[in-house]
Every structure is written in structure tokens, then in C-alpha cells.
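K.L.:
what follows is a predicted structure for the sequence shown.
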Amino acid sequence: MFKLKKLISPIKTIAQEQSGSAIPLIGMGIFAMMGCIGAAIDMSRAQLVQARMSSALDNAGLAAAATASTTDVNSEANKYFNANFPTSYMGTTLDTLVVTPNADNSVLNLSITGSVPTTFMKIVGYDSMPIAAYAQITRGSKGLEVILVMDNTGSMNDSAGSGVSKISAAKSAANALVGILFGSNETVSNLYIGLVPFSQAVNIGTGRASWTSSTYLNWGTTSWGGCVESRSNGTLTPQYDITDDTPSTRLFDKYYWPDDGSNNWISTTTWHGTTTTTYNISSSRGPNLYCPKAVTPMTSSKTTITNSINAMATGGNTHIDLGLAWGWRMISPKWRGLWGGEMDTNNLPLDYNSPLMNKAIILMTDGDNTISNGKYSAYDYPSAGQLGPNPCPYGDCTNGINEVNTRTSTVCNNIKANNSNVIIYTIALGTGIGSTAKTMLQNCASKPEYYFDSPTTDDLASAFNQIGDSLANLRISK
């Protein structure tokens, strides 16, 4: 009360002037003061609305960009904007939200305008104040090491429906993911993608013979195709097929399917004391039978990884653990300096949890782990003991298959251990995968939502698109 009296006292003194000339000035001053106070209140309200609208627009842009490959960006942006900025918030009137993506959805521009009704400024003829917000969301794929571990087994040549084979569907989906990450660019800073095709073995490439033992083998008229055995043994501890130990710890044996009852590629004839050896080597016979295409070490070239995906071919049984183990070795820092090419030039793989660098393995398979009794694979013949003492009793290889499943799960757990920041996505393609294998893949994925059951080609395409969106780093660029 005392302060109010002190404020009013000077005004009363002026008002008591006999001349009366101060009265108009007082009125004008009070009017101006009230106008300023009213304008300040209206502007504060407008700033409050503006701040909330800008925040809602940023959130809408991030949400829409996060699923740009699988949803309509306009619908998603409007849904999230409306959820964060209620209709007629503080009496606001809004125009249409405008969302403008570039050609490959790597950049989203969002803008919205509107007006806020005034309260006090109406006295001076201003019924509303204009407001506007603008955001630009950039999907960046910098700071990413990705390994595609792709099933190339014989069953991938089966139909996936709609007149498309599984391998064709897989190539299309994988290339779509590459397109999401690279956009329309041939290279993107700090983005590297590698490829590990697998069947019953993995092909490390013939240029890496130094990783193998020097045991002599009779290759006939051909030469070593690049596949290696598992480094497993029934009595070894640890089993080196499920570790990321480098060749300096233990070398690999070359994959070599001998001439036997199920792979007859050498014939010997004797005529008049002269022995002739004939090598019948083809795509269905020979020491490299069912050796898939060679791995592609991580590259920053969109063309290189796309060409490698398109070159994949089918054949052989399924050893998921070996494909996954080689995916791990390609992304494990232990193998830095071994892969050559771009990986050595860029000092890859980087350490786990390196700032601004994410690591991911995408594992796709269309079937259960399989072993055929009496047939060779990267585990040698089942009778060789690399999968235990009796993997195929009486011709039934259930024991061996269970052992491969166990080793697959062990590789998954080993990748996740040791404070690794490797994200694992798993995809089950088609309807031929049993419940045991599906559970194994679900448990292998880093999160439940990173497992994708994809019975159809459309499901497979959606899975790779969702993974691409998940891997795209989002940032508010403006």
C-alpha cells in the first residue's frame, strides 16, 4: 500500500495544478503506458505459442524422417505435429503444414504459418499477430559401419512368391537399404558397408591365402576358390569358429571337398599300363563345390557394394554361425589392418564405442541350420568330429544341427559382450524357418524390434527399409 501511495502522489500533485493543462498529458501517458503493457502481454503470448509451434514442428520432422522409407512423410508429420500442438492452442489459427522432401527423402523441409489473437492490442486495431515456424531435417548416414551377412544357400533359389526367387528378393531389399543410407550419393562421409555371403562356408577371397595353413592339396585343373574351414575341432578349447581371434592366433584350413561318393570330380583310367587322370570340375563338382561368392570388405563406394550384392549366387547347406562370425571379424577392431584396401586406408574397423561411429550387423537367412550326413562343409565331414563326437548317429544329424544352433547363439552373445556397441538386426525370410531357428534369431537381435519375421517379399523389403530408417542418423540442420 505504501508503494502504491508513493506512485500515486506525484500524479495527484500534477492533477491539482490550477491551470489544468496537465490533465490531457496524464491521460495520454496512462493510455500509452497501458498500450505498452498490453502489447507486451500479447507479444509474450505470441512468443509462447511460437516456441511450442517450433518444437512441435521439429518433433514432427524427426518422426517423419525416421520412417521416411516406409510411411508417407506428410501424414506422419501432420500426425506428430497435431499431437504436440493441439488444435486452437491459445486460440491460434494455423495454415496447412507444408512438408517438402528431396528426391531420396534424405532432407525434409517443413514450414507452417498462422496467427495468434490479441487481447489488448485490439484497442489499437490489431486483432491478431502472425507466427511462423520452419525446420529442416537431414537424414545423415555418417559414422556408420554396416556388415550385411546374407544367406546364399541352395534354398535361396526357391520361389519367394510373385514369380521372384528368394535370392532376387534379397538382392532387391539389400540394394534398397544401400539406397536409403547413401541416398543419391556415390559416397557419404564416414559410411562404410561390407558384405558376407554365406552358405556352408564363407569365402574370404583368394588374395588372403596368408590367413590359411600351407597344407598341400591336389586342386587338379582348378585352384583354391577362397573358402575356408571353420577352425573348429571336437577337442579344441576355445572353439575358434565362434571367436574373432585373428589368423595370428590360429590359421584357417582351406576349404577342400575331396573326390568322394557325393562329389565325384576325379576319375582315373589305366590303358596298356598308362594311367590317365581326368578332372571333371564344374559348378556342381570339384574341390570348391558350394563355396559362395567372396566377401566384400567395408567400402565407402555405393557402386562397389551394389555390384557385390548383385553378384551373389546360391548353393549349399546353411551354417548361420559361420556367416555371423565372419561378419563379426569384419567389424571387430582386432582385425584392423588385415582386410586391406579402403579398410586399411581408413583405419577400419574403428574401436568399439568410438565417438560418432555406430556399428551394425544385419543377418538375413531363409532357413534352419542344416547338415547333410556324409557330405563335406566348412566343418569337414560330420564324422570328422568338428561338431562333437557323434553329430549324425544313424544318419540323423539332429545332434549336429543342435550344436550349430548353439554355436550361432554363442557368436551372437560374444558379439554383444565386452562393451561392444554393435547393433544386431536379424531377418527370417520365407515360411520355411522352424520355430527353433526363429527363436534363435529373435534372441540374437539386439532388441526385440530388431528381429523381422518376413514371410513374403513385401515383408522383406519392409524389413530392410525399416532397418535403413533405423540406421539413418537424424539431426535438425536448420
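P.N.:
Great, that's in hand.

K.L.:
which stretches of this protein have low pLDDT?
P.N.:
1-39, 120-121, 124, 140-142, 236, 473-476, 478 (pLDDT under 70).

K.L.:
show me where it has helices.
P.N.:
Secondary structure of the chain (DSSP state H): helices located at 2-15, 22-66, 73-84, 166-182, 302-310, 320-331, 341-345, 398-416, 435-444, 457-471.

K.L.:
now these in TSV, with mean neighbour count?
P.N.:
C-beta here means a position set from N, CA and C on the backbone, and glycine is covered the same way. Shown next, in TSV, are those (neighbours: other C-beta atoms under 10 Å):
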stretch	mean neighbour count
helix 2-15	10
helix 22-66	16
helix 73-84	18
helix 166-182	22
helix 302-310	18
helix 320-331	28
helix 341-345	15
helix 398-416	20
helix 435-444	17
helix 457-471	21
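
K.L.:
nearest to residue 93, out of those helices?
P.N.:
Relative to residue 93, the nearest member of the helices of the chain by C-beta to C-beta is helix 22-66, separated by 10.7 Å.

K.L.:
re earlier: just send the helices of the chain back as JSON lines, with distance to residue 189 too.
P.N.:
Below are the helices of the chain laid out as JSON lines (distance: least, C-beta to C-beta, whole Å):
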{"stretch": "helix 2-15", "distance to residue 189": "63"}
{"stretch": "helix 22-66", "distance to residue 189": "19"}
{"stretch": "helix 73-84", "distance to residue 189": "24"}
{"stretch": "helix 166-182", "distance to residue 189": "11"}
{"stretch": "helix 302-310", "distance to residue 189": "13"}
{"stretch": "helix 320-331", "distance to residue 189": "19"}
{"stretch": "helix 341-345", "distance to residue 189": "13"}
{"stretch": "helix 398-416", "distance to residue 189": "26"}
{"stretch": "helix 435-444", "distance to residue 189": "30"}
{"stretch": "helix 457-471", "distance to residue 189": "15"}
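
K.L.:
can I see the domain layout of the protein?
P.N.:
23-139, 144-252+290-473 (automatic domain parsing).

K.L.:
could the ones you listed go into JSON lines alongside distance to residue 283?
P.N.:
Converted to JSON lines, the domains of the chain look like this (distance: least, C-beta to C-beta, whole Å):
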{"stretch": "domain 23-139", "distance to residue 283": "36"}
{"stretch": "domain 144-252+290-473", "distance to residue 283": "8"}
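
K.L.:
residue 84 reaches residue 59, doesn't it?
P.N.:
Yes: Residue 84 is within contact range of residue 59, at 5.3 Å (criterion: C-beta atoms under 8 Å).

K.L.:
what about the residue lying closest to residue 431 once chain neighbours are set aside, distance to residue 365?
P.N.:
Excluding the flanking residues, the one nearest residue 431 by C-beta to C-beta, 6 or more residues apart in numbering is residue 455, at 5.0 Å. Going from residue 455 to residue 365 by C-beta to C-beta, to the nearest Å gives 13 Å.

K.L.:
neighbour count for these two, which is higher?
P.N.:
Ranked by neighbour count (other C-beta atoms under 10 Å), residue 455 and residue 365 place residue 365 first, with 29 against 15.

K.L.:
tell me, how many residues neighbour the residue nearest to the more buried one when sequence neighbours are not counted?
P.N.:
Spatial nearest neighbour of residue 365, excluding adjacent residues (C-beta to C-beta, 6+ apart): residue 151 at 4.2 Å. Neighbour count of residue 151, defined by other C-beta under 10 Å: 25.

K.L.:
this completes my enquiry, with thanks.
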